[in-house]
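Colleague: Sequence first, predicted coordinates after that:
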Amino acid sequence: MGGAAAVRRTLPRMTDRIAIGRGLRVSPFCLGSVSDWRLIPAAHEMGVNFFFVTADMHWPLYEASRKGVQALLASRPGIRDDITVAGVCYPTQPEFQIAPFAELVVAVPGLERIDVFVAGGVYGPDLLARTDVLRGLATGAGGAVGASFHDRRAALAATNLRIADICYVRSNPDHPGARVDLLPHVHTAHAPLFNFNSMGGFLPHDRLREIQIDPALWYPDATDYYRYALSPPQMDGLLFAIHHRRHLEELDQALARGGLTPAEEDHLEELAVLAAEAGADTT
């Protein structure tokens, strides 16, 4: 088993690949929500081949992402097999778990199939039932089954026992609990873990000045919160969102700096406490 106190000095890069499911090889960075559809092809140019689009809940937030995937698919013949597309479905009833994925395929011309079928918002009591339904879909038409969790105990079971092929969990400075009750207990041979909601606790520099944080102290950038998420060696990748082309370049540069030190991690967690006290929205 690993230990959450271990520090990963070399972080994953966009051109790296992780094996999941039945023969899929995905970048450690899974791009979800974007503000401009052109950011999807731009991310692909930089090495990202893994894209996350909702199948039901939050549908409007992913309109630009779906349009971007559509544009990417239309850009050249044969590109479909170069990318991996994940869809997420939140309903727990088996009869309602299947239709959203079919609707997603129809909504994105050229998509043809879903590669990773993700059960959203999974808790322990419904873990096996929900992943079993999706396993049937993946066997027939796709390559992998995923699950996203707020229930870290269920996430630990899912990743260690490989109940899902990829598990999405939340670990950020505002919600650091996974570093105590999840990551230290992850087996060496686990199903890949991807972080989501990495920005919890982040405040822009002007807000840090407003709440009178000593300017002599380190003011972290947004990309440092991604570095925080990836610093534990048990975290294999992350789901992220971008709003400008420069964010891709800034993230790439930040990854080259490696993981955070324990002292830097503590600093981000302390800032998150102050952010909450200042009434910041850190969800």
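Modeller: Nice, I can see it.
Colleague: so where's the stretch 1-150 of the chain shaky on pLDDT?
Modeller: The stretch 1-150 of the chain contains residues with pLDDT under 70 at 1-7, 140-142.
Colleague: where exactly do the helices run in it?
Modeller: For the stretch 1-150 of the chain, the helices defined by DSSP state H, counting those that start in this stretch cover 39-45, 63-75, 94-97, 99-107, 127-141.
Colleague: how big is the angle separating the second one from helix 99-107?
Modeller: Spelled out, that is helix 63-75. Calculated by axes from the mean of the first three to the mean of the last three CA atoms, to 10 degrees, helix 63-75 forms an angle of 50 degrees with helix 99-107.
Colleague: just to revisit the earlier point, which one of the helices of the stretch 1-150 of the chain lies nearest to S231?
Modeller: Nearest of the helices of the stretch 1-150 of the chain to S231, taken as CB to CB: helix 39-45 at 22.2 Å. Every residue, glycine included, has its C-beta placed from N, CA and C.
Colleague: Counting by contacts, list what that closest one packs against.
Modeller: strand 29-34, helix 63-75, helix 245-256 (3 or more CB pairs under 8 Å, 6 or more residues apart in numbering; DSSP states H and E).
Colleague: right, so the ones you listed: which one is the most enclosed?
Modeller: strand 29-34 (a mean of 24; mean count of other CB atoms under 10 Å).
Colleague: Adjacent strands (with direction) for it?
Modeller: In the sheet containing strand 29-34, its partner strands are strand 50-54 (parallel), strand 237-242 (parallel), by DSSP bridges.
Colleague: so which of those strands comes closest to M199?
Modeller: Across the strands paired with strand 29-34, closest to M199 is strand 237-242 (CB to CB), at 8.5 Å.
Colleague: what angle do the closest one and helix 245-256 make?
Modeller: 150 degrees.
Colleague: most tightly surrounded among the helices of the stretch 1-150 of the chain?
Modeller: Using mean count of other CB under 10 Å, helix 39-45 ranks as the most buried of those, with a mean of 20.
Colleague: So what's the gap between that helix and the chain middle?
Modeller: Distance of helix 39-45 from its chain centroid, counting by CA atoms, centre = their mean, to the nearest Å, is 17 Å.
Colleague: now stretch 49-67
Modeller: On CA atoms, centre = their mean, the centre of stretch 49-67 falls 13 Å from that of its chain.
Colleague: that older thread, let's have the helices and strands packed on helix 39-45 in TSV, adding distance to A43.
Modeller: Formatted as TSV, the helices and strands packed on helix 39-45 follow (distance: least, CB to CB, whole Å):
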stretch	distance to A43
strand 29-34	5
helix 63-75	8
helix 245-256	6
